[in-house]
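# have a look at this fold, sequence not included:
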């Protein structure tokens, strides 16, 4: 098997494994105690904090270890909002933030706060002016990821941080995906990260709160981690996290160049090898190991199973892989095709031969899924004015509405329309994307008693 899902969780780095095993013998005691075993544990914890702080570019007393990256995000947002509650209750986030940030925003709104969601372009990047325009006198906090977890697009953190600093608003940066590659530039105020993203053990997060940033920890507190992360520290895991972060940073420059060449190869070859594919994300301003593409007329979950049988572990943002049957909020915000979505995220050390093997099996995997789904079979139609056609796709899930649309578009004359009646949430994203890819005109969406009507005009 070739593991190509490092953006979800990177394989445990050899240095992390060594540090974990070594510190199990020395780091089991309570670091708050003054006896010999406690002092040894405290030395390990302090050394890990200093190493992590050096990698982040902050003071050791600004960094605490949490039980996960998600916990770091939740604690960071809650504490920053509470620390500036006299200023106001307005929060700014991008539309493509990690779900941990968006869940915190939902809780904030439910409690009476206000949230502005800054949109992104088709590459997945925000505009610094979007944040500048969203800033208000009652803005308590702004959040922006350093790089997107689904498509790898890097965000203009330094420019957004400058706009926030000018307005006197702290910026929290979710650096989970990028911290293993380098420091986050800019005058940010808070930063979060998660060790399992760079090859450390799971269950270790980082929360950095710069000196001068108003912060009021929420929930029951204790004396550990400056009162910002309650509970007994998992010292062996913390030591392994810091050691692996230092190790991946030492090889980051060379490995980044190598992985970027491999993902560039995938970006260039996939559209040639597989018809009707859209490669998404910024082609240049992106993390080196991530490449994402979407395939028309493909069930994303079935494609993942085909690739798994062929020996490849990849991820997907297609609606068919979600228990909620809604498309990825990232792909939706970008306005790109969501069906048949594949995210390839290469771990460090991936050999070129594995990438070449992936490219060799991908066309057959896509073809197999498309063949199983088949061409449109007797799509239901209703009477409509001359030159138009109504396609009833109610109750049909991604990618069937688009497959049936492709099957009937030739039944109307050039200039005629197909009105697609669908209640699958993914259709709202995939039908306009199909029109853009196939050179047809998406006229718009109209309300219906059930679902929506998507109007498509035949151009050629």
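Now that the structure is in, tell me what you want to look at. What you see is a predicted model, and the numbers here were worked out from it, not measured in a lab.
# show the model's pLDDT score for residue 378.
pLDDT, residue 378: 39.
# those helices in the stretch 51-200 of the chain, which residues are they?
All helices of the stretch 51-200 of the chain, identified by DSSP state H, counting those that start in this stretch, fall at 69-83, 99-110, 128-134, 157-167.
# output the below-cut-off pLDDT ranges for the protein.
319-326, 375-387 (pLDDT under 70).
# would you map out the domains in it?
8-250, 252-373, 381-457 (automatic domain parsing).
# distance from the longest one to the middle of the chain?
In this case it means domain 8-250. Relative to the centre of its chain, domain 8-250 is centred 15 Å away, using C-alpha atoms, centre = their mean, to the nearest Å.
# gap between the two ends of it?
End-to-end distance for domain 8-250, by C-alpha to C-alpha, to the nearest Å: 22 Å.
# buried residues, stretch 181-201. List them.
Neighbour counts over stretch 181-201 (16 or more other C-beta atoms under 10 Å) mark 181, 183-184, 186, 188-201 as buried. All C-beta spots, glycine's among them, are computed from the backbone N, C-alpha and C.
# what is the neighbour count of residue 430?
A count of neighbours around residue 430, defined by other C-beta atoms under 10 Å, yields 29.
# which ones are touching it?
With contact set as C-beta atoms under 8 Å, 6 or more residues apart in numbering, residue 430 has these partners: 327, 337, 338, 339, 398, 399, 401, 402.
# dump the residue contacts of the first one.
Taking C-beta under 8 Å, 6+ apart as the criterion, residue 327 is in contact with 317, 318, 319, 338, 398, 425, 426, 429, 430.
# what's the spacing between the spatially closest residue to residue 438 that is not a sequence neighbour and residue 446?
Nearest non-adjacent residue to residue 438, counting by C-beta to C-beta, 6 or more residues apart in numbering: residue 406, 7.4 Å away. Going from residue 406 to residue 446 by C-beta to C-beta, to the nearest Å gives 21 Å.
# which one of the two is surrounded by more residues?
residue 406 (18 against 11).
# dihedrals phi and psi, residue 3?
phi -90, psi 110 (degrees, to the nearest 10).
# so it touches residue 313, yeah?
Yes. Contact criterion C-beta atoms under 8 Å: residue 3 and residue 313 qualify, at 4.8 Å.
# which residues do the two both contact?
Residues touching both residue 3 and residue 313 by C-beta under 8 Å, 6+ apart: none at all.
# for residue 421, helix, strand, or coil?
Using DSSP: H, G, I helix; E, B strand; the rest coil, the structure places residue 421 in strand.
# tell me which residues touch it, please.
390, 391, 392, 393, 394, 448, 450, 451, 452, 453.
# same check on residue 101?
Listed by C-beta under 8 Å, 6+ apart, the contact set of residue 101 reads 73, 77, 93, 143, 145, 174.
# let's see it at 6 Å
Contacts for residue 101 (C-beta atoms under 6 Å, 6 or more residues apart in numbering) come out as 73, 93, 143.
# what about the spatially closest residue to residue 293 that is not a sequence neighbour, distance to residue 300?
Nearest residue to residue 293, sequence neighbours excluded (C-beta to C-beta, 6+ apart): residue 279, at 4.5 Å. Separation of residue 279 from residue 300 (C-beta to C-beta): 15 Å.
# mind checking which of these two has more residues around it?
More crowded of residue 279 and residue 300, by other C-beta under 10 Å: residue 300, with 28 against 16.
# apart from its chain neighbours, what residue comes closest to that one?
Nearest to residue 300 is residue 318, by C-beta to C-beta, 6+ apart, at 2.6 Å.
# try residue 75
Of all residues not flanking residue 75 in the chain, residue 207 sits nearest, at 5.9 Å (C-beta to C-beta, 6+ apart).
# isn't there a strand covering the one you found?
Yes. Read with three-state DSSP, residue 207 is one of the residues of a strand.
# could you dump the helices of the stretch 51-200 of the chain to CSV with distance to residue 219?
As requested, the helices of the stretch 51-200 of the chain are arranged in CSV below (distance: least, C-beta to C-beta, whole Å):
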stretch, distance to residue 219
helix 69-83, 8
helix 99-110, 13
helix 128-134, 28
helix 157-167, 26
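# from the ones you listed, which stretch is densest packed?
With neighbours defined as mean count of other C-beta atoms under 10 Å, these peak in mean count at helix 69-83, which reaches a mean of 24.
# mind jotting down where the strands sit in the stretch 1-150 of the chain?
Residue ranges of the strands in the stretch 1-150 of the chain, as given by DSSP state E, counting those that start in this stretch, are 2-3, 63-66, 90-94, 114-118, 139-145.
# same list (these) but as TSV, adding mean neighbour count and distance to residue 421.
Compiled in TSV, those are given as follows (neighbours: other C-beta atoms under 10 Å; distance: least, C-beta to C-beta, whole Å):
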stretch	mean neighbour count	distance to residue 421
strand 2-3	18	42
strand 63-66	24	48
strand 90-94	25	33
strand 114-118	19	29
strand 139-145	27	37
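# and residue 350, which of the ones you listed is closest to it?
strand 2-3 (7.7 Å; C-beta to C-beta).
# strands paired with the closest one, and their directions?
Strand 2-3 has the following sheet partners, assigned by DSSP bridges: strand 312-313 (parallel).
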